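>>> Structure, please.
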Amino acid sequence: MKGIIFTEFLDIVEEAFGLDICQEMLDKAEDEGIYTAVGSYDHRALVKLIITLSKITNVPAEQLQEIYGEAVFLRLLKTLPAMDPPHQDTFSFIRSVEDHIHTEVKKLYPDATPPQFDFITQTSTKMIMDYKSARCMSHVCLGLIKGCAKHFSQELKVSMEPMNKSQSHVRFNLSLIAE
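Below you'll find the model as predicted:
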């Protein structure tokens, strides 16, 4: 997993819970917290940090993942090159993640293994897509989707349906809520 995910996670934890909680999380997880944005790290270290933070804060790990995903969306968006034409809505941006962004990430970092999105169906108001990742972090994906919708000032109803026990394959049903 690319280091930017770790560095942003630590920044968000510090902002949301304070430096003392962030340090307690690192200490209890026996993690030195030394990450670089361009480095590559085992995703299990992030999972361990999330579980440790959950124990400290009594916030469920899935909820922490979702909060993190939503908070990190704009930070990750700023690292992307400008799109031409720029995206105008949530659905077109989500499609570009698989069609463009993940492709570019693999070119820049051949060892990267980003999640895979399979698009089942889409209309102007609904999208059904499958998330597939051995990292089983679909709640981070849910948060990213919510962060994306917020960025485009769109309100979404989102449901998740695990397609297997490990949740390495999850189906997302997205519906735009008319204003």
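
>>> Spatially, what comes nearest to Y109 if we skip its sequence neighbours?
Of all residues not flanking Y109 in the chain, K2 sits nearest, at 6.6 Å (Cβ to Cβ, 6 or more residues apart in numbering). C-beta coordinates here come from the backbone N, C-alpha and C atoms, glycine included.

>>> One more: G143?
Spatial nearest neighbour of G143, chain neighbours left out: G69 (2.2 Å); criterion: Cβ to Cβ, 6+ apart.

>>> Okay, buried residues for the helix or strand in which that neighbour is found please.
Using DSSP states H and E, G69 maps to helix 61-79. Neighbour-count burial for helix 61-79 flags 62, 64-73 (criterion: 16 or more other Cβ atoms under 10 Å).

>>> Give me the contact list for that helix.
4-5, 8-9, 12, 16, 50-51, 53-54, 57, 59, 137, 139-148, 150-151 (Cβ atoms under 8 Å, 6 or more residues apart in numbering).

>>> From those, which land in helices?
Of the positions in the contacts of helix 61-79, 4-5, 8-9, 12, 16, 50-51, 53-54, 57, 139-148, 150-151 sit in helices, assigned by DSSP state H.

>>> From those, list the buried ones, please.
4-5, 8-9, 12, 16, 50, 53-54, 57, 139-148.

>>> wait, what's in contact with the residue nearest to Y109?
Contact analysis of K2 by Cβ under 8 Å, 6+ apart lists 37-41, 105, 109, 112.

>>> what phi and what psi does the backbone show at it?
Main-chain dihedrals, K2, degrees, to the nearest 10: phi -70, psi 140.
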